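Novice: Mind folding the following:
(one chain, ligands or ions: 1)
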Amino acid sequence: MPYPIFSKADINATNSKHGDSNVSEFLSYLSELVEYEYVEHPTALGIIKQVNDKGTESLTDNQAQSLEIVMKEYGQKDCEKCGNDIPWNELIAAIDNGGYCNFCEHQNEQDD
Ligand SMILES: [Zn+2]
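Specialist: Numbering: from 1, shown residues only. Next up is the predicted model:
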């Protein structure tokens, strides 16, 4: 799966210290995709809203496929330099900086 599977209960849990940080980071990442207008298609926006409310478990097969298409374009990938997985909370920056994790991006800046 290119994205975490979670329920409304998991979303509620992210508000407490028992929450899964992967879920909360994924949700912030989705919000940022919308905020910075990487995602503008009404269908995708509706799916993201539903995921924020009810979790990815609530998606129909068709909705899940649409979310996978968004994830193919903007989802998790490896850093161009070190090859490590870029975590959700660094992905928006990575879209902007050409695909580097925070650590490598910081090194790139120092090289300039
Ligand atoms: Zn890196």
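Novice: give the contact list for the residue lying closest to residue 75 once chain neighbours are set aside.
Specialist: In this structure, residue 75 finds its nearest non-sequential neighbour in residue 2, 4.9 Å apart by CB to CB, 6 or more residues apart in numbering. To be clear about C-beta, it is placed using only N, CA and C from the backbone, and glycine gets the same treatment. Shown in contact with residue 2 (CB atoms under 8 Å, 6 or more residues apart in numbering): 68, 71, 72, 75, 76.
Novice: if you set the cut-off to 6 Å instead, what comes out?
Specialist: Counting by CB atoms under 6 Å, 6 or more residues apart in numbering, residue 2 makes contact with 68, 71, 75.
Novice: so where's the protein uncertain?
Specialist: Along the chain, the parts satisfying pLDDT under 70 run over 1, 112.
Novice: So is stretch 88-97 next to the ion?
Specialist: No - taking CB under 5 Å from the ion as the criterion, stretch 88-97 and the ion are apart, separated by no less than 9.0 Å.
Novice: Next, find the distance separating the residue nearest to residue 75 from residue 100.
Specialist: 20 Å (CB to CB, to the nearest Å).
Novice: still on that earlier bit, out of the contacts of residue 2, who has the most neighbours?
Specialist: residue 75 (18 neighbours; other CB atoms under 10 Å).
Novice: And that one, its phi and psi?
Specialist: For residue 75, the backbone dihedrals (degrees, to the nearest 10) come out as phi -80, psi -170.
Novice: and what of residue 78?
Specialist: Given degrees, to the nearest 10, the pair of backbone angles that residue 78 has is phi -90, psi 150.
Novice: Now it. Nearest residue, chain neighbours left out?
Specialist: residue 85 (6.2 Å).
Novice: picking that back up, hang on, the residue nearest to residue 75 in a helix?
Specialist: No - counting by DSSP: H, G, I helix; E, B strand; the rest coil, residue 2 is not part of a helix but coil.
Novice: if I look at it, how far off is residue 107?
Specialist: From residue 2 to residue 107 the distance is 27 Å (CB to CB).
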